[in-house]
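Peer 1: just the structure for this:
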Amino acid sequence: MAPSSTTRTRAAARDAADAPPTRDERKQLTRAHLLGAALRLMEDGRAFSSLSLREVAREAGVVPAAFYRHFRDMEDLGLALVEQGGVTLRRLLREARRDGIPPLDMLRGSVLIYHRFLHANRQQFAFIAGERSGGSRAIRNAIRTEEGHFANEMAQDMRRLGLFAHLSMPALQMVCGLVVTTMLNAAIDILDLPPGQPKAEAELVDNFVRQLRVILLGARAWRERTPV
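Peer 2: Modelled structure (predicted):
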C-alpha cells in the first residue's frame, strides 16, 4: 500500500529538519550569536563602547577571524543592533495601527505593545537608550534614522486612516516625531521600574498614554499658519 500524501509530507518535513544547516543558515546563526553575545556582555550595565571584538567573539563561541565575516568592526555590530531593534518594533506597532481600531484604543494598544517589547528586549533597548545620547556619532545617527522611519511610517498610517486630515504631511510628520521622542524617553523609566510592582507599572503606562494624548490633542487643535 502506497503511503498517503500526508505521510509523505510528514516524512519530508522530518528529513528537512534532520538535514544539516546550509552555509547561509550557518552564517545567519553565527551573526545572531555575535549580536546576542554583545547584548549579554552588557547585562551588568557595561557600556557598549567598553566591549572588545575579542570578548564578543569569545562569548559567541567563535574565533575573532569569524567576526570579520559578519561585521567590519564593533561599530558595525552596534549599527546592526540598532537596525534589528527598529525593524522588529516598527512591525509590531504597525499591527497596533491597523484598520478598524478606534484612535484611543490604537494609542493604548501601541503603548502596551511597546511596553511588552521593551521588557522582552530589555538589553537591546537599554543599549539604544544609552547610545542615543552617547557612543559613536555613527550609532547616534543610525538611531536618529530609525526615529525618522518610525515617525514617517506613523504619519503615513495616520494619513491613510484619515486622522489629522487638516495637517500637512510635514506637520503630521513633526507631530509623529514628538510621539516617537516621547516613547524613547519613556524607555528608561519603563526599564528602571523594579519587577513585581503592578500598580506602579500600571500608573507608568497610564501616564505614558496621557502624555501621548496631550500631543495628539494639541495636534488636533493646531492650525497651520497660511504663508502671507
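
Peer 1: helix or strand for Gln124, just tell me which one.
Peer 2: If you go by DSSP states H and E, Gln124 is part of helix 122-133.

Peer 1: tell me what that helix is packed against?
Peer 2: Under the contact criterion of 3 or more CB pairs under 8 Å, 6 or more residues apart in numbering; DSSP states H and E, helix 122-133 touches helix 23-41, helix 74-96, helix 137-160, helix 169-192. C-beta here means a position set from N, CA and C on the backbone, and glycine is covered the same way.

Peer 1: try it again at 10 Å.
Peer 2: Helix 122-133 is packed against helix 23-41, helix 74-96, helix 103-120, helix 137-160, helix 169-192, with contacts defined by 3 or more CB pairs under 10 Å, 6 or more residues apart in numbering; DSSP states H and E.

Peer 1: got the angle between that helix and helix 103-120?
Peer 2: Interaxial angle, helix 122-133 versus helix 103-120 (axes from the mean of the first three to the mean of the last three CA atoms, to 10 degrees): 100 degrees.

Peer 1: tilt between helix 122-133 and helix 169-192?
Peer 2: Using the same axes, to 10 degrees: helix 122-133 against helix 169-192 is 120 degrees.

Peer 1: could you find the closest non-adjacent residue to His70?
Peer 2: Closest residue to His70 apart from its sequence neighbours, by CB to CB, 6 or more residues apart in numbering: Arg31 at 4.7 Å.

Peer 1: what's the pLDDT at the one you found?
Peer 2: If you check Arg31, the pLDDT there is 95.

Peer 1: next one: Ser52
Peer 2: Taking Ser52 on its own, its pLDDT is 96.

Peer 1: residue contacts, Arg69?
Peer 2: By CB atoms under 10 Å, 6 or more residues apart in numbering, the residues touching Arg69 are Lys27, Thr30, Arg31, Leu34, Val62.

Peer 1: in JSON lines, list these along with distance to Arg91.
Peer 2: JSON lines is the format used below for those (distance: CB to CB, whole Å):
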{"residue": "Lys27", "distance to Arg91": "23"}
{"residue": "Thr30", "distance to Arg91": "24"}
{"residue": "Arg31", "distance to Arg91": "19"}
{"residue": "Leu34", "distance to Arg91": "22"}
{"residue": "Val62", "distance to Arg91": "29"}
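
Peer 1: element containing Ala57, please.
Peer 2: Using DSSP H and E, Ala57 maps to helix 53-60.

Peer 1: so what does that helix touch, helix or strand wise?
Peer 2: Packed next to helix 53-60, using 3+ CB pairs under 10 Å, 6+ apart, are helix 23-41, helix 64-67, helix 74-96.

Peer 1: then the first one to CSV, C-alphas only?
Peer 2: As requested, the backbone C-alpha atoms of helix 23-41 are provided in CSV (Å, rounded to 0.1, in the frame of the first residue of the first chain):
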residue,chain,number,x,y,z
ARG,A,23,26.0,27.7,4.5
ASP,A,24,23.7,30.7,4.5
GLU,A,25,21.9,29.3,7.6
ARG,A,26,25.1,28.8,9.5
LYS,A,27,26.2,32.3,8.6
GLN,A,28,22.9,33.8,9.9
LEU,A,29,23.2,31.7,13.0
THR,A,30,26.8,32.9,13.7
ARG,A,31,25.7,36.5,13.1
ALA,A,32,22.8,36.1,15.6
HIS,A,33,25.2,34.6,18.1
LEU,A,34,27.5,37.6,17.8
LEU,A,35,24.7,40.1,18.3
GLY,A,36,23.3,38.1,21.3
ALA,A,37,26.8,37.9,22.8
ALA,A,38,27.2,41.7,22.7
LEU,A,39,23.9,42.1,24.5
ARG,A,40,24.7,39.5,27.2
LEU,A,41,28.0,41.3,27.9
